[in-house]
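Peer 1: make a model of this:
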Amino acid sequence: MPLRSRRSTACASLWTTASYAIVGYSVEGSLRMKWPLRELLPGLARPAFLVLVLVWATAALVSAERQFTWLDETNYVVKSWWYLTGAVQPYSSDDATWYMPGYFLLLGLWQIVSGHDLFFIRLSSVALSAINLVLFISFLRKLGADGLVAVIAGGLYVLPAYSLHYGTAAAPYALANLLTLCLLHVSLALTREVTLRRSLVFGGLAAAIYFVRPNLIASTGPLTLWLMWRAASGRALLAVSVLGSWLALWGVLALAFGHIFVFFSIRIPLLSDILNALGLLPSYFPYVETFPRWAGSTDPTTASGLLLSAFDPERLLKRLIVPHGLAVIAAIVAACLVWRTSRRRDWILLLLGLYLCGLASHHIVSQLYCQNCIQAYANYFNLFAFAAAGLAVQSCFDEAQFPGPLAANAQSASFVWRSAWIASAIVLPFVHAAALALTGQFPSPQILNWKMESAAGRVRDEIAAFAGRIPEGARVGVMAGRGPRTIALKALGVRFHPTTINLGDSYFKIRSDVSESDARAATAEFEGLTLWTDSTAERWITTEYDVILVEARSKYNQTLPWRPDNERLAPLLARHFTLSDEVEVGTGKRKRLVRVYRRNASVTGSTPAARQE
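Peer 2: Now for the predicted structure:
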């Protein structure tokens with residue numbers, strides 16, 4: 001491993017260890033007041049919690065085995081292992097990374113224990129989600145919620161189909177929720193008294209969240225401002241702790257990873273674009289900002305187009321309201337009940353504000369690069385809605401303030417509302433999952449329909465099929481089958497370009513009116529950021545790849561040049577490569593045929609010696 005790679009890995013590992021030590025410290029402190037289980041959950045809440053854990057654990061394990069894998073998960077699984085082993089250097093010409101390093105190092109370390117089986121890799125998120133459930137219930141209990149109310153709110157948080165899907169995936173959703181819940185616990189302590197110890201823990205957690213996902217500043221920022229506004233003293237201490245923790249972690253990582261990390265660490269979509277336009281932020285990569293994405297892209301290019309895209313009724317219904325309907329309902333319930341009680345009103349309004357702020361900012365900003373991604377991003381913020389709903393319902397119980405015809409009879413109203421609250425946790429998640437399955441919307445069909453293919457099982461099939469078929473050290477290009485196939489190739493130690501993981505979104509089209517020198521400069525910039533152009537694909541075929549895998553009868557994206565029937569690449573593929581093998585993956589209706597092409601050494605310019613020259 002090169003010196004720089006060893007230094008970067010060591011620094012990042014140090015950062016990971018320090019960050020999670022802070023997390024462990026704050027978790028221990030947050031649970032100290034309500035632990036063990038008989039104190040945290042007295043009476044009927046205890047058996048209810050055990051039933052919830054049993055149901056959730058069963059569903060989570062099924063989800064970890066069966067749910068499909070997608071771009072982000074593949075990206076984290078493959079690159080985290082590469083970075084840890086030194087096969088690829090992050091934030092370099094090898095791979096620009098784009099994402100923050102927090103989750104990569106954690107998942108890479110976990111794969112030393114879990115191995116390369118996708119199910120066991122996902123168990124890290126299952127474990128984090130289990131901790132999140134306890135932290136969520138403990139937070140409500142510390143704000144005075146009844147044990148049963150807290151357990152029911154916890155069930156609504158972890159049982160919906162999308163919570164299971166993203167909370168058990170090898171992606172940073174469970175980790176981000178863990179850090180956010182720890183931050184809420186520390187925030188509760190800070191409302192009682194601002195001390196140096198609590199301020200440092202809060203600052204460390206806020207910084208750790210940023211280096212897992214920078215866009216979560218949409219929730220950590222307002223939370224910090226709220227605490228500073230509420231604090232009678234110690235505001236400067238809190239502000240200095242947050243800023244100092246961020247600068248300390250950023251400095252270590254910037255020293256380890258260099259200027260590419262610096263660029264991505266301070267680049268927040270939309271905000272950075274505005275600062276660039278005002279000349280307040282340097283433009284490190286001008287061609288990325290001026291050349292269009294691939295021809296199939298429909299990303300808006302104007303402010304009005306951005307808002308029209310974000311608030312398109314069909315998109316909101318299909319990508320937010322339907323998949324995350326339970327969280328939306330919880331937020332509405334909390335908003336309706338908060339004005340009927342004076343207890344916990346400040347916390348309920350805060351949680352609702354964090355939910356709406358995070359949701360709106362992520363949805364609007366994501367129109368620039370992923371118009372439908374709110375169906376995933378909402379999982380970062382749903383916990384705020386369920387917590388607000390639980391506190392609002394508890395406040396109505398406490399003050400006997402109930403809406404509707406039962407308002408005059410507090411005892412009857414309490415019984416009805418408690419029954420409705422219990423029934424909602426039992427019925428709504430399963431009804432919602434069934435509705436998603438019947439309408440064919442993921443992820444429910446993947447989990448509930450046993451005739452569908454298991455993603456973890458497909459990865460195992462791919463590993464078995466390609467074991468021993470690819471020469472050691474060969475550089476491989478992959479056409480189609482990017483998710484499970486690239487995870488399987490990683491497990492087999494096969495070398496392939498990081499761009500392979502995300503060919504669609506990493507392609508840029510060089511305009512025909514650009515001069516030859518500008519086209520070369522633009523291509524060099526794109527390739528330095530792990531992006532690619534038409535000329536990049538041509539070079540892959542003519543001089544770089546030793547083996548190319550082509551899935552027969554696959555539905556190729558016809559807007560991309562990286563496909564075997566492309567009019568520019570097909571002749572090059574025929575000239576430089578020869579079909580050497582056909583591999584069958586899977587069985588029955590799930591069987592796939594993959595053609596293995598090897599470089600034709602007889603063609604001038606295709607031999608390894610010629611490539612070295």
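
Peer 1: only C-alpha atoms from now on, for both contacts and neighbour counts.
Peer 2: Will do.

Peer 1: pretty sure Leu223 sits against Gly353.
Peer 2: No: in this structure, Leu223 is not within contact of Gly353 by C-alpha atoms under 8 Å, at 9.3 Å.

Peer 1: what about the stretch 401-550 of the chain, any weak spots by pLDDT?
Peer 2: 401-418, 421, 439-452, 481-482 (pLDDT under 70).

Peer 1: hey, where'd the strands end up in it?
Peer 2: 475-479, 495-496, 547-551 (DSSP state E, counting those that start in this stretch).

Peer 1: leaving out sequence neighbours, find the closest residue to Ala45.
Peer 2: Leu148 (4.5 Å; C-alpha to C-alpha, 6 or more residues apart in numbering).

Peer 1: that neighbour: neighbour count?
Peer 2: Burial of Leu148 is recorded as 24 neighbouring residues (other C-alpha atoms under 10 Å).

Peer 1: doesn't it belong to a helix?
Peer 2: Yes: applying DSSP: H, G, I helix; E, B strand; the rest coil, one finds Leu148 inside a helix.

Peer 1: so it sits right up against Ala48, yeah?
Peer 2: Yes: Leu148 lies in contact with Ala48 (C-alpha under 8 Å); the separation is 7.3 Å.

Peer 1: next, the nearest residue in space to Ala96 that is not next to it in sequence: phi, psi?
Peer 2: Leaving aside its sequence neighbours, Ala96 sits nearest to Leu529 (C-alpha to C-alpha, 6+ apart; 4.9 Å). Main-chain dihedrals, Leu529, degrees, to the nearest 10: phi -100, psi 20.

Peer 1: cool, and the one 4 residues further on?
Peer 2: With angles defined as degrees, to the nearest 10, Thr533 sits at phi -130, psi -180.

Peer 1: who touches it in this structure?
Peer 2: Counting by C-alpha atoms under 8 Å, 6 or more residues apart in numbering, Thr533 touches Tyr507, Phe508, Lys509, Ile510, Thr523, Phe526.

Peer 1: let me know the secondary structure of Trp562.
Peer 2: From three-state DSSP, the assignment for Trp562 is coil.

Peer 1: name the nearest residue to it, ignoring sequence neighbours.
Peer 2: Take Trp562 and drop its neighbours on the chain: the residue closest to it by C-alpha to C-alpha, 6+ apart is Ala537, 6.6 Å away.

Peer 1: nearest spatial neighbour of Val585, chain-adjacent residues omitted?
Peer 2: Arg592 (5.0 Å).

Peer 1: can you report how many residues lie near the one you found?
Peer 2: 18.

Peer 1: so how far is Pro42 from it?
Peer 2: 54 Å (C-alpha to C-alpha, to the nearest Å).

Peer 1: what's the answer for Leu438, then?
Peer 2: 39 Å.

Peer 1: can you check Leu179 too?
Peer 2: According to C-alpha to C-alpha, Leu179 and Pro42 sit 27 Å apart.

Peer 1: Val201 too?
Peer 2: Taken as C-alpha to C-alpha, the span from Val201 to Pro42 is 30 Å.

Peer 1: settle it for me: which of the two has more neighbours?
Peer 2: Higher neighbour count among Val201 and Pro42: Val201, with 23 against 13, using other C-alpha under 10 Å.

Peer 1: okay, buried residues for the strand or helix carrying that one please.
Peer 2: Val201 belongs to helix 196-210 when elements are defined using DSSP states H and E. Going by neighbour count (16 or more other C-alpha atoms under 10 Å), the buried part of helix 196-210 is 198-210.

Peer 1: with stretch 221-235 instead?
Peer 2: The neighbour-count check on stretch 221-235 (16+ other C-alpha under 10 Å) flags Pro222, Leu223, Thr224, Leu227, Met228, Ala231, Gly234, Arg235 as buried.

Peer 1: any residues touching it, and which ones?
Peer 2: Under C-alpha under 8 Å, 6+ apart, the answer for stretch 221-235 is Ser187, Leu190, Thr191, Glu193, Val194, Thr195, Leu238, Ala239, Leu350, Leu354.

Peer 1: just flag the most distant two among these.
Peer 2: Thr195 and Leu354 (23.9 Å; C-alpha to C-alpha).
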